[in-house]
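Q: Coordinates only, no sequence provided:
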């Protein structure tokens, strides 16, 4: 689960994290944005690159639990079909697990620790 702002300061960290997630051979990559408070186009670009990488590798890529502000960016840029952001999550469902440790990603993208 990501935490804080997803912008030009944190997008490079997300790029690295998603590159590892798509490159490890898992069948899917799920990105939980529930705790993201802000996302700009650099954050969206990181997600789109990862979605493209996952698609080329035959992996399923999904963004889940996007709050209203993040959904708005996705909707305004007409990228909802690429990100599958409508996919609901069910607590405890193993399909919701990311291929990268969510605790580590949360601490990496906590905007208060990056700045």
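A: Done, it's in. This structure is a prediction, so every number in the text was calculated from the model and none was measured. Numbers count the residues shown, from 1 in each chain.
Q: and residue 21, what element?
A: According to DSSP states H and E, residue 21 maps onto helix 11-23.
Q: just checking, what's the longest helix in this protein?
A: helix 41-56 (DSSP state H).
Q: What are the buried residues along it?
A: Buried residues in helix 41-56, counted by 16 or more other C-beta atoms under 10 Å: 42, 43, 44, 46, 47, 48, 49, 50, 51, 53, 54. (Each C-beta comes from the backbone N, C-alpha and C, glycine too.)
Q: What segments of this protein are helices?
A: Going by DSSP H, the chain shows helices at 11-23, 41-56, 68-76, 80-83, 102-108, 111-114.
Q: Let me have these in JSON lines, extended by mean pLDDT and distance to residue 33.
A: Converted to JSON lines, those look like this (pLDDT from 0 to 100; distance: least, C-beta to C-beta, whole Å):
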{"stretch": "helix 11-23", "mean pLDDT": "93", "distance to residue 33": "10"}
{"stretch": "helix 41-56", "mean pLDDT": "94", "distance to residue 33": "9"}
{"stretch": "helix 68-76", "mean pLDDT": "92", "distance to residue 33": "5"}
{"stretch": "helix 80-83", "mean pLDDT": "72", "distance to residue 33": "10"}
{"stretch": "helix 102-108", "mean pLDDT": "37", "distance to residue 33": "11"}
{"stretch": "helix 111-114", "mean pLDDT": "36", "distance to residue 33": "13"}
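Q: Tell me which of those sits nearest to residue 2.
A: Checking these against residue 2 by C-beta to C-beta gives helix 102-108 as the closest, at 6.0 Å.
Q: circling back to that earlier point, for the buried residues of helix 41-56, which one is nearest residue 6?
A: residue 43 (3.4 Å).
Q: For the closest one, give me its contacts.
A: Shown in contact with residue 43 (C-beta atoms under 8 Å, 6 or more residues apart in numbering): 6, 7, 10, 11, 14, 36, 73.
Q: you'd agree the first one is up against residue 36?
A: Yes: distance between residue 6 and residue 36: 5.2 Å, which falls inside the contact criterion (C-beta atoms under 8 Å).
Q: Would you mind listing the residues touching both of the two?
A: Joint contacts of residue 6 and residue 36 (C-beta under 8 Å, 6+ apart) are 43, 70.
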